[in-house]
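Chemist: Give me a model of this one.
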Amino acid sequence: MATRYEKLMDELTDDQREAIHLLLEQMEYSAGDDDYKTMEDIAEEVGVVRKTLYNWRFKNPVFMEALSLATQARLATLAPYAYGAMSKLLKGKQPSTKALDLYFKQQGWVNANQEITITTNKRDDADLEAEIARLAEQTGVTDNDA
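Modeler: Numbers count the residues shown, from 1 in each chain. Next up is the predicted model:
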């Protein structure tokens, strides 16, 4: 039985499949790297204009979902490297607090959601005057002392 990704790829043209491959490859590089390809470069290599590539990426639901699934699969292959890097950060002489926080969240040991409830008491002038009088009596400070 074919996966969702395989079914989507079957619906795309050869040019669209090649574009997905090149877009995934682009993610491996930074803009300053020698092997980095711009959108213009990718469009030219596929044989389309940049606007067509843009339309596929942002207006073609099949292409968009296939690219998303391909990206997720590519990132999943990097998981061992991420775990290795995190392990080094956790085992160092001074473990990274950010790495610890991320690890605890990933393990479900820390709930990232916080709830803050603020209650206020509405007081009128009479309440405030009474509070001032009570405090003045407690402290022995009068209006003349202030």
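
Chemist: what stretches of this protein score poorly on pLDDT?
Modeler: Within the chain, the stretches with pLDDT under 70 are 112, 143-146.

Chemist: Against residue 88, how distant is the spatially most central residue of the chain?
Modeler: Closest to where the C-alpha atoms of the chain average out (CA atoms, centre = their mean) is residue 102, at 12.7 Å. Computed as CB to CB, to the nearest Å, the residue 102 to residue 88 distance reads 13 Å. Where you see a C-beta, it was placed from the backbone N, CA and C, and this is true even at glycine.

Chemist: Can you tell me the closest non-neighbouring residue to the residue nearest to the centre of the chain?
Modeler: Spatially, and ignoring its direct neighbours in sequence, residue 102 is nearest to residue 86 (7.1 Å; CB to CB, 6 or more residues apart in numbering).

Chemist: And for residue 5?
Modeler: Leaving aside its sequence neighbours, residue 5 sits nearest to residue 69 (CB to CB, 6+ apart; 4.4 Å).

Chemist: hang on, that neighbour packs against residue 7?
Modeler: No. Using CB atoms under 8 Å, residue 69 is not in contact with residue 7; the gap is 10.3 Å.

Chemist: Fine by me, we can end here.
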